[in-house]
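[1] I need the structure of the sequence given here:
(2 chains)
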Amino acid sequence: MSTPTVAVVTFPGSNDDRDALRAVGQMGGEGIAVWHRDTDLGGADAVLLPGGFAYGDYLRTGAIAAFAPIMDAVRAHAAAGRPVLGVCNGFQILCEAGLLPGALIRNRTLTFVHRRVHVRVETASTPFTAAAEPGDVLEVPIKHGEGQYVADAAALERLEADGQVVFRYCTALGEVTPDANPNGAMRNIAGVRNDAGNVVGLMPHPEHAVDPDVGPVGGQTLFESLLSSLVGAAT
Amino acid sequence: MTQPPYRDLGLTDDEFQKVESTLGREPNDAELAMYAAMWSEHCSYKSSKVHLRTLPIDGPQVLVGPGEDAGVVDIGDGLACVFKLESHSHPSAIEPFQGAATGVGGIIRDVLSMGARPVALLDPLRFGPLEEAHNRWLLGGVVAGIGQYGNSIGVPTVGGEVKFAVAHTQNPTVNVMCVGLAPADRLVRARAEGVGNLLVLIGAHTGRDGIGGVSVLASRTLDETSEEQRPSVQIGDPFYEKLLIEACMELIDAGLLVGLQDLGGAGLTCAVSESAARAGTGADLDLGAVPLREPGMAAFEILTSESQERMLAVVRPEELDEVRAVCEKWGLVSAVVGRVTDTGNIRAVLGDTIVAEVPARSLADDGPEYRRPLEAPPRLEELNADDPAYANPPSDLRGAVLRVLGSPNVASKRWVTEQYDSIVQGNTIAGPGASAAVLRLEGTMRAVALSTDGNGRYGHLDPYLGAAHAVAEAARNVACAGARPLAITNCLNFGNPERPEVMWQFAEAVRGMGDACRALGTPVTGGNVSFYNETGDSAIWPTAVVGMLGVIDDYRLSPRPAFGPGQVVYLLGETFAEVGGSEYAEVMLGKVSGMPPGLDFEREAALHRLLVDAASRNVLAAAQDCADGGVAVALAELALGGETGFAVALPGDLPAHLALFSESASRAVVSVVPENVEAFEALGNEHGVPVARLGETGGPRMVIEDVELTVAEARHVYESAIPDLLLSRAEAG
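    Model prediction:
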């Protein structure tokens, strides 16, 4: 059985691309570096859009990157029901590309915020949370200036009704409280999925939460889920 | 009567005559602008050179010492660490966000130009008290500017300091340090070597921004007209810098660069003249080939513009196409703007006209040099004689501990550091909040430890000791992380060098830094001098800031700045009645007086050897140096770091407040698990360091003899001090 592969897209201005490739490797997958001008994903099983400030995030976060040449391949990958993960800037790009509902605006404090947070897993029905149980609490870092998740009332109701909220900011004990919300996100939403469940975006950085020497380990759950679901799909 | 134009540009009559005699004729406007920029205090170090020459710069670990863009130290296994500290205080005083942001951009390009990937930033900052709205504006702007730039380019901000003093109200001190890594055999030098090689300008277009930045802004004192100089502050574009980093790394990896030099202060003039002077060559420049932001720029503007995010590459003609392809891949503009010659001259043409022709060396190396008069400030002896140790002890010792812990100098800087990405690149073992940042060397168990330190109060009372303490404390911080201190970079922040008191402070500081570096075996690899930090006749405290580099062979053995339960607590070193210039005296007595603590280099070095040895044998659980606020603060920080209380008694027969708050040097608080007690005490003996067992850790209470508080109480005071100052005042308008 071959090692599952994860394409990590580098846009000009991506910062956590190397970190994501390293995390995939540490968790037992094989990372494939893909350039924003490429038009295919190198045959990868899954694709990860990393954090950073693609194209400087000028105009609006993720707005220019959503039109990058590689995004056609990402759309096709998503349409085929295969796993797509957007982390931080990657989440912003997926929202701008219309692959995920809602949008991310400036933090309520109007300042960049970097800290370790806890998120509660709300659904196991994604390739990135399949190994978790709803209610599991993961510790992961956030670092963003524009991570306040917003959506209109109808979209929010649909997200909740269809179980599309994947992660919510919470306390270490799993309580979803205003104090545990680092950026003012509606309903403490830290991550969402598409209808089909194969496309997930989140503001926290799982790739910075796999190695206990440099951080918490809440991100391991996402990579373990992904890699085992890929192995499972292949057999 | 109007004065001659050279004076507006900052040149003196004598300096102008020297230009004339060098050229054998009167310089034209463009040449005048070039000399004014290169012979400015900022670029030429004309007041400081005679003193800086006395610093120790040699050591087997030093690969590149002062005089290049950044110092380079051999950290073993074929790896080189490149690091430099620099000031961006003047622009930040006028426009804090862009001033600080472009400071970050500039220091990163210094490291990049040695061929190293930037891996960390540290920012030592000084502001006036937060009670004043202007200081809150400066702090908010500087922190947001550093954050925006550093975060956007994917270089973690892992440390630094934030301190407050009235002397910084008009003149904030904004220092920025960048650290980079490169294989030692693949360093690039800023040299224009090889006659016929091409000079390729890579990066942003050149505009009219920042003209006169080094001469008008950075080499003069600030006054009421300084606001009008806001257009001299450059505007940063971190996205372009990010592309520049990635493109340069790709060019270096492919071996396509003969030389690389950043464009910072004095722009193209500085980059070309310095790289040609270092190589003993000259250069022909075609200013018409420089990509401009707007048409109609005059030659002097193109030559001295400080537009950001530009690098000058020296390229072999046959490799030009490959170089341009890499730039194109990263969406960067590149242009051949000149070639290396053997004339020794910088000759610039614009259209058909030769607009400047001057010897490269005369710009870069032959600037003026001054041995300015020195004189100790009046009333310093009086100030030194007023020893706060003789003041009445506080009536409420517990209250005093809480007040010192909640002093903005000591209190948590979380409000600041949460605005920085300190984890990108994935190697941050210890980040902001630790005494020293620890960065893993990818793929190994080894790590570098980094600390920046400087003490304005000590410098004010005794500049020699102030600078010596900065070196000692920085080395101690690195040793507390278990790392061997290797070398320093520095930024010397002072007032107007034309005033004899300021120049005396500077000379004393350099002497203190030199003595400390010699004694501790940490040579000076480079740095920066920032003069004219004053408004009217009120100068900042003389502040020598030191950036220390150390290495540890196994980062897993690095002690954490955090107590765990069931550990034995020790105080290393000796405590004397030394509260001159201390945090305690300023907070509780409103006094910055007396003499700073004494400093015995032998004791200091012995402490470092003990810490490094004990860490390498895995017998240290936690370690924290004793500095601002003394043992009281060191104990509290270890308790807060590990959410673990303690019960201790302090050794000796000093009055309790002196035992708690004395800032005697060469001390650290450590904790050890019970199994290692014997081994640790034996090591203390072996290294000749007094080791006093204070007590044990555990529980929610912090007990120092009769003083008792809870960790939660301490945390509240420690964490809320700065946010309260910022928020309540902001609401009050």
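[2] buried residues of the longest helix along chain A, list them for me.
    Longest helix in chain A, counting residues (DSSP state H): helix A:220-234. By neighbour count on 16 or more other Cβ atoms under 10 Å in any protein chain shown, the buried set for helix A:220-234 is A:Gln220, A:Thr221, A:Leu222, A:Phe223, A:Glu224, A:Ser225, A:Leu226, A:Leu227, A:Ser229, A:Leu230, A:Val231. Every C-beta, even on glycine, is put in place using the N, C-alpha and C of the backbone.
[3] grab the nearest non-local neighbour of the fourth one.
    Computed as Cβ to Cβ, 6 or more residues apart in numbering or on different chains, the closest residue to A:Phe223 that is not its neighbour in sequence is A:Met27, at 3.8 Å.
[4] just the last one next, same as before
    For A:Val231, the nearest residue in space outside its immediate sequence neighbours is A:Pro4; the separation is 6.0 Å by Cβ to Cβ, 6+ apart.
[5] OK, contacts around that neighbour?
    A:Gly29, A:Glu30, A:Asp45, A:Ala46, A:Leu226, A:Leu227, A:Leu230, A:Val231, A:Ala234 (Cβ atoms under 8 Å, 6 or more residues apart in numbering or on different chains).
[6] distance of the fourth one from A:Val34?
    Looking back up the chat, that one is A:Ala46. In this view, A:Ala46 and A:Val34 are 12 Å apart by Cβ to Cβ, to the nearest Å.
[7] give the residues shared as contacts by the two.
    A:Ala7.
[8] list the contacts of the closest residue to chain A within the stretch 51-200 of chain B.
    As assessed by Cβ to the nearest Cβ, chain A sits closest to B:Gly154 within the stretch 51-200 of chain B, at 3.0 Å. By Cβ under 8 Å, 6+ apart, the contact set of B:Gly154 is A:Ser14, A:Asn15, A:Asp16, A:Gly52, B:Lys242, B:Asp421, B:Val424, B:Gln425.
[9] B:Asp352: neighbouring residues, count only.
    B:Asp352 sits with 6 neighbouring residues when counted by other Cβ atoms under 10 Å in any protein chain shown.
[10] ranges for the strands of chain A?
    A:5-10, A:30-35, A:46-49, A:84-87, A:103-105, A:113-121, A:137-144, A:148-150, A:165-170, A:189-193, A:199-202 (DSSP state E).
[11] ok, the fourth one: who's next to it in the sheet?
    On the basis of DSSP bridges, the sheet neighbours of strand A:84-87 come out as strand A:46-49 (parallel), strand A:199-202 (parallel).
[12] same deal with the second one?
    Within its sheet, and counting by DSSP bridges, strand A:30-35 is paired with strand A:5-10 (parallel).
[13] between the partner strand and helix A:220-234, how many degrees?
    130 degrees (axes from the mean of the first three to the mean of the last three Cα atoms, to 10 degrees).
[14] pull the CA atoms of strand A:5-10 into CSV?
    Presented in CSV, the C-alpha positions along strand A:5-10 are these (Å, rounded to 0.1, in the frame of the first residue of the first chain):
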residue,chain,number,x,y,z
THR,A,5,-0.1,12.1,-0.6
VAL,A,6,-1.1,15.6,0.3
ALA,A,7,-0.5,18.5,-2.1
VAL,A,8,0.4,21.7,-0.3
VAL,A,9,-0.1,24.8,-2.5
THR,A,10,2.5,27.6,-2.3
